[in-house]
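Student: sequence and predicted structure are below.
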Amino acid sequence: QVQLVESGGGLVQAGGSLRLSCAYSGRAFSSYAMAWFRQAPGKEREFVAATSWSGDRFKYVDSVKGRFTISRDNGKNTVYLQMNSLKPEDTAVYYCAAGVTRVAVPNTPSAYDYWGQGTQVTVSS
């Protein structure tokens, strides 16, 4: 059974930083591509960033490029999302996802098999 537990969300002022963590439990963490999605009230779930199972390929949505960094530590079964220069429009519930996929870094929710419960990120102006 795979479980994902996010942490690190909170309230921050615009321009500030947060680091989200996603702890994975289950077999073969290193076999999964890992991603972060987010969902703001009244909006669809949006892809944010993904890393391949090997941790050497990455993909980001254009709106976070240069500000967010995804990384993984296969020894700790954890994936991170470092978020810098936060903006009010980054406010959302952030979800961690894991998937076994032929695509190295997929950016669609359907490519991911397991999801965390989400962590709230609120950026004040």
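Tutor: Thanks, I have it.

Student: what about the strands in the protein?
Tutor: 3-7, 10-13, 18-25, 33-39, 46-51, 58-60, 68-73, 78-83, 92-99, 114-115, 119-124 (DSSP state E).

Student: which one of those strands is the most hemmed in?
Tutor: Burial of these is given as mean neighbour count (mean count of other Cβ atoms under 10 Å); strand 33-39 ranks first at a mean of 25. (Each C-beta comes from the backbone N, C-alpha and C, glycine too.)

Student: what's the spacing between that one and its chain's center?
Tutor: From the chain centre to the centre of strand 33-39 is a distance of 4 Å (Cα atoms, centre = their mean, to the nearest Å).

Student: rounded mean pLDDT for that strand, please.
Tutor: Across strand 33-39, pLDDT averages out at 97.

Student: partners of the most centrally placed residue in the chain in the sheet?
Tutor: With distances taken as Cα atoms, centre = their mean, Trp36 lies nearest the centre of the chain, 2.1 Å away. In this entry, Trp36 is beta-bridged to Ala49, Cys96, by DSSP bridges.
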